[in-house]
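> Would you be able to build a 3D model of this:
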Amino acid sequence: MSQQLISRLKMAVERWPVLRERSGRDLGEFLQTTYLGKFSKLANSGTSDEVWMAKRQVEAIEDILDNKFKTEFPRKADSTFTGDAGRKHYTKLSSQSQETYNKDGFIAKMLKKSSNKKKKE
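Sure, this is the predicted structure:
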């Protein structure tokens, strides 16, 4: 049973798209690198509750990949809460752009300066 779950998860993860430009923040990358190892421990644990949970997780990932909920509960309008903001501002949301904006703020810089002064004394 656990080997079947692991093989189903591997097949689902192979179908999941991976965006290389979102390195470190991409769900597909997380599924391929971290989640597979944790899942195999969960599926091989042997307890019925953990095997049941592993089965539910595989089914949930497969449902998302198959757009089950989008077809089962169709929307009146196919748009997001913010409209097309993700497409319009893709360059601002990319990992390269986020690195330039994720710098220390004013308080963090001041705390570093004060800690450096204390170390020198």
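> where does this protein have its least confident helix or strand?
In the chain, no helix or strand scores lower on mean pLDDT, DSSP states H and E than helix 85-88, which sits at a mean of 66.
> Tell me the spacing between the residue sitting nearest the centre point of the chain and residue 64.
With distances taken as C-alpha atoms, centre = their mean, residue 27 lies nearest the centre of the chain, 2.9 Å away. From residue 27 across to residue 64, the span is 10 Å (C-beta to C-beta, to the nearest Å). Where you see a C-beta, it was placed from the backbone N, CA and C, and this is true even at glycine.
> swap in residue 75?
Distance, residue 75 to residue 64, by C-beta to C-beta: 16 Å.
> Equivalent analysis for residue 101, please.
According to C-beta to C-beta, residue 101 stands 30 Å off from residue 64.
> shouldn't the residue nearest to the centre of the chain be in contact with residue 19?
No: using C-beta atoms under 8 Å, residue 27 makes no contact with residue 19, being 9.1 Å away.
> the helices in the protein, which residues?
2-15, 27-30, 36-43, 48-65, 68-72, 85-88, 90-93, 95-101, 106-120 (DSSP state H).
> Roughly how far does residue 103 sit from residue 112?
12 Å.
> swap in residue 46?
Using C-beta to C-beta, residue 46 is found at 50 Å from residue 112.
> quick one, which of the two is more surrounded?
Shown here are residue 46 and residue 112; by other C-beta atoms under 10 Å, residue 112 has more neighbours (11 against 8).
> what pLDDT does that one get?
Residue 112 carries a pLDDT value of 79.
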